[in-house]
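> No sequence on hand, only this structure:
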């Protein structure tokens, strides 16, 4: 069963505008972590932001914020003031704490973001 | 600076040939992972290792083999049994703690092409 869903295969955003990348997840683990990674065309995976399932506040890292809605099992990434360098693939990922025998991170299928000048 | 080094960056394999992808980390991480990424798709786990001299199959282990003789090294061999090996391969590491608030650290990847 798909545990991470990213319903937007491709997104476009105007430079300097904000954009939201959607992510929904499925788990019965009472404790889990949610991540977003950026993959530029060079291929490296860059860690952007983390949200713990018990964190009361939404995570923020510079221009990145994670809109965490636990009851809806949603963990959308918001990028403010988009820059040309933000053009990349973005992956949502989840780590279950108790329902796994090892440090397992599951990745979604990704969303391709293109920033238009 | 600590990190993960993958080599080579590009690799070409002939039909029926085994090839080995290198992955070295100097982060003192216990756990290491190999992922396969096909164009426009997400990451699929091939093998993982939580500790030296131990490794486990992931979701798509057929046609691949690994070893973990040293903490720093986790090489992946793509054997001739892997019928469709053309893909981008990513190595990752972590401290192995499930409660960690940071994700995996990734190498820069190896792009394997069958010729």
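Now that the structure is in, tell me what you want to look at. Every value quoted in this text rests on a predicted model; they were computed, and no experiment measured them. Residues are numbered from 1 along each chain as shown, chains lettered A, B, ... in the order given.
> When you work out contacts or count neighbours from here on, use the C-alpha atoms and nothing else.
Will do.
> For the residue nearest the centre of chain B, list the residues it contacts.
The residue lying closest to the centre of chain B (Cα atoms, centre = their mean) is residue B:34, at 2.7 Å. Residues in contact with residue B:34 (Cα atoms under 8 Å, 6 or more residues apart in numbering or on different chains) are B:45, B:46, B:47, B:48, B:76, B:89, B:90, B:91, B:92.
> so what's residue B:24 up against?
Counted by Cα under 8 Å, 6+ apart, residue B:24 has contacts B:4, B:5, B:6, B:72, B:73, B:74.
> give me the beta-bridge partners of it?
Counting by DSSP bridges, residue B:24 is bridged to residue B:5, residue B:73.
> follow-up on the earlier one: out of the contacts of residue B:24, which two sit at the greatest distance?
B:6 and B:72 (11.9 Å; Cα to Cα).
> quick one on the thing from earlier: what's the closest of the contacts of residue B:34 to residue A:14?
Scanning these for proximity to residue A:14, where the rule is Cα to Cα, the winner is residue B:90, at 30.9 Å.
> hang on, that closest one packs against residue B:107?
Yes - with contact defined as Cα atoms under 8 Å, residue B:90 reaches residue B:107; the gap is 6.3 Å.
> Please say which of those two ends up with more neighbours.
Set side by side, residue B:90 and residue B:107 show more neighbours around residue B:90, with 26 against 23, by other Cα atoms under 10 Å in any protein chain shown.
> Can you read off the pLDDT for that one?
At residue B:90, the model reports a pLDDT of 97.
> give me the element it is part of.
strand B:87-94 (DSSP states H and E).
> Partner strands of that strand and their direction?
Its sheet considered, strand B:87-94 pairs with strand B:31-37 (antiparallel), strand B:105-106 (antiparallel), strand B:110-114 (antiparallel) by DSSP bridges.
> Please give me every residue in contact with residue B:62.
B:81, B:82.
> likewise the one 3 residues further on?
Residue B:65 makes contacts with B:76, B:77, B:78, B:79, as judged by Cα under 8 Å, 6+ apart.
> one more time with 7 Å
B:76, B:77, B:78 (Cα atoms under 7 Å, 6 or more residues apart in numbering or on different chains).
> can you check residue A:78 too?
A:19, A:20, A:21, A:64, A:65, A:66.
> and after the helix or strand where it lies, which helix or strand comes next?
Using DSSP H and E, residue A:78 sits in strand A:74-79. Per DSSP H and E, strand A:74-79 leads on to strand A:88-96 as the next helix or strand towards the C-terminus.
> quick check: angle from that following strand to strand A:74-79?
Put simply, strand A:88-96 runs at 150 degrees to strand A:74-79, going by axes from the mean of the first three to the mean of the last three Cα atoms, to 10 degrees.
> Sheet partners, orientation included, of strand A:88-96?
By DSSP bridges, strand A:88-96 pairs with strand A:32-39 (antiparallel), strand A:105-107 (antiparallel), strand A:111-116 (antiparallel).
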